[in-house]
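# coords please:
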Amino acid sequence: MKRIAIAAVLAIGYLRAQIVVAPQQPKWGETIQITYDPSSPGAQLRLSDPVLAAATIYFEDDSIKRVAGVMTISPDRRLQYKMPAPVGACLLEIAVVTPHDYDPAAAATVLVSRPDGKPARGANDRMMWSHSADADRYFQREIALYPDNFAAYRHRWFLSDGGKDKEIAAIRNDLEKIGPPLEPPAVGWLYAMSYAWWWLGDSGKAHAAVQRMVQAFSESPLTADALNYYIFRSSGEAKQQAQQWERELVATHPASAQAGYAITTLAAQADFPFEAVQNVAREQLRTEPANPSPYLALASASLAHQRDYPQALAGLQTALGLLLEGKFRVLYDPGGTLTQRRLAEAYRLRAEIYLAQGALPDAVANVHAMENLERDNSAAGHLLEGKIWSALSDWRRAEVALTEAWRRDPAASAGALQDAFVRIRGNSDGFPSFLDANRVAPKDSRQPKRPFPFDVTSLNGKHWSLQELKGKIVALNFWFVGCLPCRQEIPVLNQLVEQYKDVVFLGFALDGEEQLRDFLKKFPFRYQIVPNSQKISDGFRVAAYPSHVLIGPAGEIVFEAVENVDSLRAALARFAQTPGR
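I've put the predicted structure just below:
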């Protein structure tokens, strides 16, 4: 299965003109001062805005903490915030945000040192992820300082370019350096070797290594990462066993990293204990009070077990407050993409609970709110609306909602739509003709779909605006440096640029200028590359990377796809002028 990067990403670069972090490599306990200049060129937040500095803190033990604080106005009319470099931290990712906006260029990655000035364990390992083009350099730095940080090997393998053969060659080359474990083996050694054995074809050893991690290191984030990857890759009986390990781990270790990752999925399963969901949610709320996910999990469990609806609704009200007030966005989602998804999920759960309670007018109101937040190709909201109207025996309204759902997802909606059709007409005669008559684009797309307006400058200094590009075919690629599927597509995309001379190819990258320039020195990309493009990505409602959008000469979107470069090639052949002209 290909790896598709989901849009839960903050593009992190080096220090920008708008933001200065001092000292640049703080030691544990030192005061860090973050300064943001709203008057600098390109700054997107104002002095009068409620601006906060948000920091994601990575620790030597692989744990993560998120904090934020209000920035104050300094005498020179800049915004400042001070915080201590936490003891045990290895890396900070800093963003400048408001509850409903952020400046994508005002971001910094800060490497943290121990009191002796030595970079903390894991600092250079973490840097590999935000500077994957230079992963080898950061890996060598990490191993030189901490030769027993075996997790860095796994990360370097994962980030390697050149495909499976190159990755396997790198693994074989490193095994001798890693060597046999001490007894008992450390979690980092098992973490690296479970990955190595899987890719070298020894699934039995990989299975045993993950099992030992689950048993001996239940709380570790490395165990969670290894277990999730193994569940993703394995199949058959091995996969079923790993899923059972997951259920037992979450039920017995509610504060574990795996509990936080898996609870949303497990909560919706009727055979997973309701009390276990409560325990995990309690632990999450204790450490992450601004995170709405525990409330969503509790509501899912309430529906699955048909109990505690009033408490679930109260929790969902709190979750909506965290989302609408921007508290979740500040700490977890500067770009706002996850916030919109969580809002849609909260309204869906409220609609489902109101439906279960028989409070059907409230269910209708919430499902309409959900539909307004859904992507154009999602049928879930209209399917649920059809279910609610069916419960009211309003079959004509049910048919309208289900027809819209069918246009978006025929396989999921045809049965319910046929039932409504029969309820109205008494039989299914004419149903195929009814479908043919309604076989049009979803209602949100019946009018030409307009692209999000942009006015940008690419890395080579060229100016591009949607308005000025009218009359041309424009191909957009949404990507970021750390996205492996994005990088794998680049050679094919370069061929398309060479093939279609009359098409404008723009690459909207989430990363900053310096990181992109470093990457492009090693991996040329012929698209016109636009840095710091999270807001444009949000405007196009990009949910996964890489994503492709094709804009026709009339200025309307004629094609969209996630990752599928072959479909992009076909769309260009259909819409663009003769290749090579």
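# hang on, residue 69 in a helix?
No - remark: residue 69 does not belong to a helix; assigned using DSSP: H, G, I helix; E, B strand; the rest coil, it is strand.
# For the closest residue to it other than its chain neighbours, what are phi and psi?
Nearest residue to residue 69, sequence neighbours excluded (CB to CB, 6 or more residues apart in numbering): residue 81, at 5.2 Å. In this view, the C-beta of every residue, glycine as well, is placed from N, C-alpha and C. Per-residue torsions, residue 81: phi -150, psi 140 (degrees, to the nearest 10).
# Which stretches in the stretch 351-500 of the chain count as helices?
Applying DSSP state H, counting those that start in this stretch to the stretch 351-500 of the chain gives helices spanning 360-373, 380-391, 395-408, 410-425, 431-437, 484-499.
# and the second one with helix 360-373, angle?
Spelled out, that is helix 380-391. Put simply, helix 380-391 runs at 160 degrees to helix 360-373, going by axes from the mean of the first three to the mean of the last three CA atoms, to 10 degrees.
# mean confidence for helix 380-391?
In this model, helix 380-391 has an average pLDDT of 96.
# Show me which residues of that helix are buried.
By neighbour count with 16 or more other CB atoms under 10 Å, helix 380-391 contains the buried residues 380-390.
# Check the shortest one too.
By neighbour count, and taking 16+ other CB under 10 Å as the criterion, the buried residues in helix 431-437 are 434-435.
# three-state assignment of residue 46?
Strictly by three-state DSSP, residue 46 counts as coil.
# Find the residue ranges of the protein scoring beneath the pLDDT cut-off.
Counting by pLDDT under 70, the chain shows low-confidence ranges at 1-17, 161-163, 375-377, 440-448, 577-581.
# which residues sit in contact with the residue nearest to residue 69?
Residue 81 makes contact with 33-34, 52-53, 69-72, according to CB atoms under 8 Å, 6 or more residues apart in numbering.
# follow-up on the earlier one: can you put the helices of the stretch 351-500 of the chain in TSV and add distance to residue 527?
Shown next, in TSV, are the helices of the stretch 351-500 of the chain (distance: least, CB to CB, whole Å):
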stretch	distance to residue 527
helix 360-373	31
helix 380-391	33
helix 395-408	30
helix 410-425	34
helix 431-437	40
helix 484-499	6
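# Among those helices, which comes closest to residue 118?
Closest to residue 118 of the helices of the stretch 351-500 of the chain is helix 484-499 (CB to CB; 30.8 Å).
# Can you give me the end-to-end span of stretch 508-524?
Across stretch 508-524, the terminal residues are separated by 15 Å (CA to CA, to the nearest Å).
# again with stretch 35-47
OK, stretch 35-47 end separation, CA to CA: 12 Å.
# next one: it to chain centre, how far?
27 Å (CA atoms, centre = their mean, to the nearest Å).
# Mind listing what's buried along that stretch?
Buried residues in stretch 35-47 (16+ other CB under 10 Å): 35-38, 43-45.
# what's the closest of those to residue 435?
Closest to residue 435, out of all of the buried residues of stretch 35-47 and judged by CB to CB, is residue 44, at 47.3 Å.
# For that closest one, which non-adjacent residue is closest in space?
Counting by CB to CB, 6+ apart, residue 103 is the residue found nearest to residue 44 once chain neighbours are left out, at 4.3 Å.
# Thanks a lot, catch you later.
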